[in-house]
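> Need a 3D model of the sequence below.
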Amino acid sequence: MMPDWIHVALRTLLAIFILFMMTKLMGKRQVSQLSFFEYITGITVGSIAAYISLDIEENWYLGIVSLSVWAAVSLGFEFLQLKSKKAREIIDSKATVLIKDGKILEDNLKKERLSTDELMEQLRKKNVFQAANVQFAVMEPSGDINVLLTKENQPLTPKHLGIKVGPEQEPQVVVMDGEIMDEPLAKMGLNREWLDTELETIGVAIENVFLGQVDAYGQLYVDLFDDQIKVPEPQKKASLLATLKKCEADLEMFSLSTKAPKAKKMYEECAKELERVIEEVKPLLIR
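Next comes the predicted model:
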């Protein structure tokens with residue numbers, strides 16, 4: 001006869017494996033953002049798993065049957081939600097508008113059982129301190145509140161100025177825990193020789209680097225294992241490239257803002273010439 005503690009240990013491992021497989025099957029949403037039904041499913045499944053692990057007097061396999069039924073029902077609900085908008089509204093409910101054109105909708109607040117203090121707290125989390133500055137505030141089925149500011153209170157972007165901005169390359173981690181990551185280096189068009197040169201320039205050995213990142217301009221930033229060691233400031237070449245790009249954007253903005261034909265033509269020609277110069281010197285500034 002197997003001792004009880006070994007029996008419990010084996011059944012606990014089995015429950016962990018089953019829970020892991022169920023979570024993978026149900027998808028990441030089951031972990032990151034639970035709906036009302038998924039919340040109930042999570043609690044129930046956890047209780048059943050505990051039953052499988054500890055209740056050695058009963059037929060433990062019945063717990064696995066129950067887990068399977070819960071998983072099947074949960075997957076069935078998710079399938080319905082994917083296929084039917086009506087099912088989504090019934091299961092997860094609909095989004096509720098809490099503020100419209102700067103006006104708080106008190107009836108909708110009561111419907112969602114949300115106090116004014118709680119609403120203002122959620123707005124402050126979005127860096128909004130005046131309800132009058134809000135065009136729309138919507139409570140999603142998940143309980144999150146999303147906010148759209150009025151146009152005059154939205155941050156200024158290049159799009160507002162009519163400036164087109166090119167896509168920026170994602171920074172890549174090229175060193176992690178003292179180990180060189182060859183694939184991210186290749187994505188940036190770089191190699192180990194370049195990395196060795198950059199580390200030698202700042203006087204750091206690869207084994208002392210906890211994390212190394214390369215930004216869109218090809219500039220290397222490092223964080224060392226020893227926080228007491230001060231790393232030299234990054235080189236100025238990335239700053240120079242950024243300044244050149246800013247000058248180009250300023251010239252384009254000037255050409256768009258002026259109404260004088262001669263000035264507009266001059267600014268456009270200067271912007272194109274500076275763009276050509278940037279393309280020529282860019283390989284030197286990102287290496």
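
> nearest spatial neighbour of Phe254, skipping sequence neighbours?
Nearest non-adjacent residue to Phe254, counting by C-beta to C-beta, 6 or more residues apart in numbering: Tyr267, 4.6 Å away. Any C-beta I mention is one placed from the backbone N, CA and C, and that applies to glycine too.

> Number of residues surrounding the one you found?
Residues lying near Tyr267 (other C-beta atoms under 10 Å) number 20.

> Okay, and it sits in which element?
In this assignment (DSSP states H and E), Tyr267 forms part of helix 261-285.

> Show me the contact partners of that helix.
The contact list for helix 261-285 (C-beta atoms under 8 Å, 6 or more residues apart in numbering) reads 217-218, 237-238, 240-241, 244-245, 247-248, 251-252, 254-255, 258.

> and of the residues you listed, the nearest to Asp196?
Gly218 (15.0 Å; C-beta to C-beta).

> The closest one and Leu190 touch, don't they?
Yes. Look at Gly218 against Leu190 with C-beta atoms under 8 Å: they come within range, at 7.3 Å.

> Could you tell me how many residues sit around Ala87?
Around Ala87 there are 15 residues (other C-beta under 10 Å).

> Which residue is the nearest non-sequential neighbour of it?
The spatially closest residue to Ala87, leaving aside those adjacent along the chain, is Leu80, at 4.1 Å (C-beta to C-beta, 6+ apart).

> what's the average pLDDT for the strand or helix carrying the one you found?
Assessed by DSSP H and E, Leu80 sits inside helix 61-83. Across helix 61-83, the average pLDDT comes to 76.

> Now stretch 94-112: buried residues?
Going by neighbour count (16 or more other C-beta atoms under 10 Å), the buried part of stretch 94-112 is 96, 98-99, 104, 108-109.

> Now render the residues you listed as CSV, adding distance to Asp144, pLDDT and secondary structure.
Formatted as CSV, the buried residues of stretch 94-112 follow (distance: C-beta to C-beta, whole Å; pLDDT from 0 to 100; DSSP: H, G, I helix; E, B strand; the rest coil):
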residue, distance to Asp144, pLDDT, secondary structure
Thr96, 12, 90, strand
Leu98, 12, 94, strand
Ile99, 14, 94, strand
Ile104, 18, 93, strand
Asn108, 15, 91, helix
Leu109, 16, 91, helix
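
> This protein: helices as residue ranges?
Secondary structure of the chain (DSSP state H): helices located at 4-26, 29-32, 36-54, 61-83, 85-92, 106-111, 116-125, 182-187, 192-202, 237-257, 261-285.

> These: lowest mean pLDDT?
The minimum mean pLDDT among the helices of the chain belongs to helix 29-32 (a mean of 47).

> Any chance you could list what contacts stretch 188-199?
Stretch 188-199 is contacted from outside by 169, 172, 174-175, 180, 182, 185, 205-206, 209, 212, 214, 218, 220, 222, 287, using C-beta under 8 Å, 6+ apart.

> my bad, stretch 104-122
For stretch 104-122, contacts defined as C-beta under 8 Å, 6+ apart pick out 96-99, 131, 137, 139, 145.

> so how far is the first residue of it from its last?
From its first residue to its last, stretch 104-122 covers 14 Å (C-alpha to C-alpha, to the nearest Å).

> these two touch, right, Lys187 and Pro171?
No. Applying C-beta under 8 Å as the test, Lys187 and Pro171 come out as separate, 10.6 Å apart.

> now for the contacts of stretch 104-122, which pair is the farthest apart?
The largest separation in the contacts of stretch 104-122, counting by C-beta to C-beta, is between Thr96 and Ala131 at 15.7 Å.

> From Val147, how far out is Ser255?
In this structure, Ser255 and Val147 are 35 Å apart, going by C-beta to C-beta, to the nearest Å.

> And for Phe79?
Phe79 is 32 Å from Val147, where distance means C-beta to C-beta.

> more crowded one of those two?
A side-by-side neighbour count of Phe79 and Val147, using other C-beta under 10 Å, places Val147 first with 19 against 11.
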